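Asks: What follows is a predicted structure for the sequence shown.
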Amino acid sequence: MTDISSNMRQDKAFRAQRTERPILRLAALSKRFGGTQALSDVDLQVAPGEIHALIGPNGSGKSTLIKILAGYHHAEPGARAELDGEPFDLGHATTSRHDRLRFVHQELGLVGELSAIDNLALSHGFARTALGNIDWPQMSRRTTALVERFGVDIDVRRPLAKATPVQRTVVAIAAALQGWEGVRGVLVLDEPTAVLPPGEVARLFDIVREIRDSGAGVLYVSHRMDEIFALADRVTVIRGGRRIATRPVAELTPRSLAELMAGEETHTPTDTDHRPAPSTGSTPSVLQIRGLRAGPLRGVDLDLGRGERLGITGLVGSGHEIVPYAVCGAHTGPVSGRLRLPGRSERWTEARDADTLGLPMVPADRAVEGVIGDFSVGENLTLPLLRRLRAKVGRLHRRRESALVDDWIRRVGVRTAGPGARITTLSGGNQQKVVMARCLAQHPPVLALCEPTAGVDIATRLQLYDLIERQAAEGMGVIVCSSDTQDLLALCTRVLVVRDGRIAREISGRDITERALVHAMEGTE
Amino acid sequence: MTATPTRAVQRPPSAAQRPAPFLRGAPVRRVAAALSFRNIGAVYVWLVIVVLFSVWAPDTFPTTITVKQVLNGNAVAGLVALSVVPPLAARVFDLSVAYTMSLTSVLTARFLVSAGLGPGVAVALAMTAALLVGVVNGIVVVVLRVDSFIATLATGALVQSLITMVTDDSSITGVQLLAKPFSSIAQLDAGGITLPVLYLLLAALTIWFLLEHTATGRRLYATGFNPDAARLQGVRTDRLRFVTLVASALLSGFAGVVFASSVGSGSPTAGTPYLLSAYAAAFVGATQLRAGRFNAWGTVLAVLLLGTGITGLGLATSAQWAASLFTGSVLIVALVLTGGRLTLPAALRRRRGSHSRVGSEAASEGDALSAVDKETAE
């Protein structure tokens, strides 16, 4: 901090025009993936002593931008980048840039089996004694000093897997800030609150503010508007790979920011016309669950009506995300309770035999549990339907298979080069349509969806909503298990909020609001 | 949420946007694709090898004797190679196949020579032993959940101890092994082509049909590519993996019987040299025809390629070391050409996004691609 006076002069200049001397300047940043444009001509400037938020819906190009900055992707030629006035090359992780641009990625990039000491040493090496072995006392002191700054108490020798989420986040930030003191630079935080329980978010914000107040620039990536208003000084909105606007947060209201994010002449999801009137409750049940216990779930009862779109939500770890897995018999681990499908049979089935009911599910993690990446669109679609396609001597009836695939591709509107194209050449949203189609093709009485719109852009999201609504209108019962309130607001006629393994609250019809959901999840009603 | 996507929702897909039907391209393009180097590169390499050796050893190589030698001499290797294809399709390594092969060869010989049993009974008993090896493999890998690579190495050691018990580490020979009904298993021929070539064709045909034309085959590949996703779609991955291990033990066991019949003795090390070549052929084969998938005809093609090269080297030079050099080189080149993709589990492959094709790169880029999807929607 030798150039405090020059800093102050610059600060004055910034107040006049904030972007005059940015610490990070990106111009004409574009990126194509194959024949498709992920980012086009994006400009971004981060001033020193500023928390600059980068906000945009899923699929807007936020992550691509960060990955280019981090040197993971190469930008298209023509992009310019300057750090504190010095140009640098986008596409190579040069050392000078590494010193000043620091990243805390969403997954934190930590090794859970290792301690805080080890994790910090991964990027900066170990202190050695004269003999060349690791100087553990010094390492311990060094690490403790780095972490203590943030007022979080951590046993630096314990494996991080045993630490709390906020402790891990702090270690990730400490690791990113190692050796950074006094250097004018930018800290990039990519959705750091995604893994934090709500109570801990405020502490993270204090830490981020402290970093800003030391004169660094902070680029804060998020898709949560409340965080922007709580934390950021300026915000850049990107949508569809383009920069839509950069505004001081003070000039914005949640509504005007929502309009920037969603595009003009739109409504916020709260007053969407997708949400139906509350159900009358007189419809017959298609699924009944009694006393479901699995993982953190401690006895869940629910009745799903014909054509009902039932939301299940809760905070991470509440157990809500287990319900669909248990219903479909896909939960690994002990399960107890009973369930039955009244439309099909009056018999109760033990929950541990739920797989015999054969209810399909759209799993939460598409890449890991949903699609088979090496399979084509068609092969992915027909995987659970193969029994239906059997000809003589167990042969697969290829003609019937391709007819089935063509039919469903058309019905759900999958955009693909063809049924033989690899599923991974499709966008997330279109992959999700394929996953959805293969569930629907089984004509189930109940469909369980987990995070149905994760990594899906807004246009496809609306198409998926539409598809789900049409299916429900035909009498299918739909369980929407989601931590994305937009899904619940847009889709559900009734929402069950799970807290500590029990259904804490049931909200239906017009009472389903973002506010009500959040309060019910956190138990702050 | 925006005006544009709403329009996209309402617009029904027009005829022009409708995707092309399954594998129904223009015939010319299909033929061109089928004959491309990407698809059947091994055939072109094989042709080059044939021309090369015909020039190098013009008197000995381009003869019908060589053709017969390559076919007859590699039938057993082909059987062993095919035996590892179904497990590999389900991403299970069965490294015990070589030991199973030795086991059936010495057991058949033992039953025929010392126990004085008839050939039918001897072969049946030996095959039962192979079945048992397969079941043990299945129990250790599937039920006890030991990684197949190390588990089958361990069961292979157990089988080897059994072999030593039976043979005292020396080959079993006897006139019964050379007598007519048993020796016919491998030595009966039509126009110089022996029966094992027919077995190879039958085995390849069966595995090809199983993997590519049945639901079971599709499920096997699904198990190999992404067991979690497959399980969620009702594929019984454990049962499939168990069955592939039994199948590989049976087929390699049969190869052992054929081997005993063709050389007229039961050798405790009969299978050992076939292990590397079997995996080499299976992996090279996976780069052919159905790129990225272990398949029957690709494997047969690879066996012939390797067999031709080794036979040619044997005729052109007298260097003993050339055969292994050739096998190793072909394996490395083939795997490099496919970017080493085959050996990596799916989870690792995703992290290498930036190195692989645009498609798989995009897969790891849900964010970026969704943006792209939106672009196309507009």
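Replies: Everything's here; your move. Residues are numbered from 1 along each chain as shown, chains lettered A, B, ... in the order given.
Asks: my read: A:R224 touches A:T193, true?
Replies: Yes: counting by CB atoms under 8 Å, A:R224 does reach A:T193; the two are 7.1 Å apart. Just so you know, the C-beta spots here come from the backbone N, C-alpha and C atoms, and that holds for glycine as well.
Asks: Of these two, which one has the most company?
Replies: Using other CB atoms under 10 Å in any protein chain shown as the criterion, A:R224 and A:T193 rank with A:T193 on top: 22 against 14.
Asks: Look at A:I503 and give its secondary structure.
Replies: The local conformation at A:I503, judged by DSSP: H, G, I helix; E, B strand; the rest coil, is strand.
Asks: residues touching it, list them.
Replies: A:300-302, A:496-497 (CB atoms under 8 Å, 6 or more residues apart in numbering or on different chains).
Asks: Can you tell me which of these are buried?
Replies: Neighbour-count burial (16 or more other CB atoms under 10 Å in any protein chain shown) applied to these gives A:300, A:302, A:496-497.
Asks: and of these, the nearest to A:D84?
Replies: The shortest approach to A:D84 among the buried ones among the contacts of A:I503 belongs to A:V497, at 47.4 Å (CB to CB).
Asks: on that earlier part again, can I get the contacts of A:I503 in CSV with distance to chain B?
Replies: Formatted as CSV, these follow (distance: CB to the nearest CB, whole Å):
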residue, distance to chain B
A:V300, 21
A:D301, 25
A:L302, 22
A:L496, 23
A:V497, 24
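Asks: Check which residues of stretch A:299-316 are buried.
Replies: For stretch A:299-316, by 16+ other CB under 10 Å, it's A:300, A:302-315.
Asks: From those residues, which one has the minimum pLDDT?
Replies: The lowest pLDDT within those belongs to A:L315, with 74.
Asks: Mind telling me what element A:V237 is part of?
Replies: Using DSSP states H and E, the element containing A:V237 is strand A:234-239.
Asks: what angle separates the next helix or strand after that strand from strand A:234-239?
Replies: As assigned by DSSP H and E, the chain's next helix or strand after strand A:234-239 is strand A:242-248. If you take axes from the mean of the first three to the mean of the last three CA atoms, to 10 degrees, strand A:242-248 sits at 160 degrees to strand A:234-239.
Asks: At which residues are the helices of the stretch 251-378 of chain B located?
Replies: With DSSP state H, counting those that start in this stretch as the criterion, the stretch 251-378 of chain B has helices at B:272-285, B:296-316, B:322-337, B:346-351, B:358-363, B:366-377.
Asks: My guess is A:G299 contacts A:G291. True?
Replies: Yes: between A:G299 and A:G291 there is a contact under CB under 8 Å: 5.1 Å.
Asks: what sits in contact with each of the two?
Replies: With contacts taken as CB under 8 Å, 6+ apart, A:G299 and A:G291 have A:G337 as neighbours in common.
Asks: and the residue in the stretch 101-250 of chain B that chain A sits nearest to, what is it in contact with?
Replies: With CB to the nearest CB as the measure, B:A215 is the residue of the stretch 101-250 of chain B nearest to chain A, at 3.6 Å. Neighbour list for B:A215: A:386-387, A:389-390, A:394, A:396 [criterion: CB under 8 Å, 6+ apart].
Asks: let's see it at 6 Å
Replies: Residues near B:A215 by CB atoms under 6 Å, 6 or more residues apart in numbering or on different chains: A:386, A:396.
Asks: same deal with B:L220?
Replies: By CB under 6 Å, 6+ apart, the contact set of B:L220 is B:89-90, B:240.
Asks: chain center to stretch A:420-437, what's the gap?
Replies: 19 Å (CA atoms, centre = their mean, to the nearest Å).
Asks: How about that stretch and chain B, any contact?
Replies: Yes: counting by CB under 6 Å from any CB of the partner chain, contacts between stretch A:420-437 and chain B involve A:420, A:422, A:424-425, A:427-429.
Asks: Just the buried subset of these, please.
Replies: Among those, those scoring as buried are A:420, A:422, A:424-425, A:427-429 (criterion: 16+ other CB under 10 Å).
Asks: any idea of the mean pLDDT for stretch A:486-495?
Replies: 88.
Asks: what's the answer for stretch B:88-105, then?
Replies: Per-residue scores along stretch B:88-105 average to 96.
Asks: For A:P159, grab phi and psi.
Replies: Main-chain torsions, A:P159, degrees, to the nearest 10: phi -60, psi 140.
Asks: ok, the closest residue to A:P324 other than its chain neighbours - contacts?
Replies: Excluding its sequence neighbours, the residue lying closest to A:P324 (CB to CB, 6 or more residues apart in numbering or on different chains) is A:A448, at 3.6 Å. Counting by CB under 6 Å, 6+ apart, A:A448 touches A:324, A:327-328, A:361, A:479.
Asks: circling back: can you list the residues of stretch A:420-437 next to chain B in TSV and add pLDDT, distance to A:L231 and secondary structure?
Replies: Below are the residues of stretch A:420-437 next to chain B laid out as TSV (pLDDT from 0 to 100; distance: CB to CB, whole Å; DSSP: H, G, I helix; E, B strand; the rest coil):
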residue	pLDDT	distance to A:L231	secondary structure
A:G420	89	48	coil
A:R422	89	41	strand
A:T424	85	36	helix
A:T425	83	38	helix
A:S427	80	31	coil
A:G428	81	28	helix
A:G429	83	30	helix
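Asks: Now that we have these, can you turn them into CSV and tack on distance to A:R515?
Replies: Formatted as CSV, these follow (distance: CB to CB, whole Å):
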residue, distance to A:R515
A:G420, 48
A:R422, 43
A:T424, 39
A:T425, 41
A:S427, 32
A:G428, 29
A:G429, 28
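Asks: so who does A:A472 touch?
Replies: A:A472 neighbours (CB under 6 Å, 6+ apart): A:307, A:309, A:478.
Asks: Check the secondary structure at the last one for me.
Replies: It stands for A:V478. Following three-state DSSP, the label given to A:V478 is strand.
Asks: dump the residue contacts of the closest residue in space to it that isn't next to it in sequence.
Replies: Excluding the flanking residues, the one nearest A:V478 by CB to CB, 6+ apart is A:R309, at 4.7 Å. For A:R309, the contacting residues are A:472, A:478, A:491-493, by CB under 6 Å, 6+ apart.
Asks: With chain B as the reference, measure out to A:R309.
Replies: Going from A:R309 to chain B by CB to the nearest CB, to the nearest Å gives 18 Å.
Asks: Stretch A:412-421: which residues count as buried?
Replies: A:412-416, A:418-421.
Asks: can you give me the strands in chain B?
Replies: Assigned strands in chain B, in chain order: B:172-173, B:189-190, B:193-194, B:265-266 (criterion: DSSP state E).
Asks: Just name the most buried of those.
Replies: A comparison of the strands of chain B by mean neighbour count, using mean count of other CB atoms under 10 Å in any protein chain shown, puts strand B:265-266 on top with a mean of 26.
Asks: For that strand, which outside residues touch it?
Replies: By CB under 6 Å, 6+ apart, the list of residues contacting strand B:265-266 from outside reads B:105-106, B:109, B:171-173, B:260.
Asks: Pull out the buried residues from those residues.
Replies: Restricting the contacts of strand B:265-266 to buried positions leaves B:105-106, B:109, B:172, B:260, with burial counted as 16+ other CB under 10 Å.
Asks: right, and A:E401 touches A:A391 too?
Replies: No: with contact defined as CB atoms under 6 Å, A:E401 does not count as touching A:A391 (10.1 Å).
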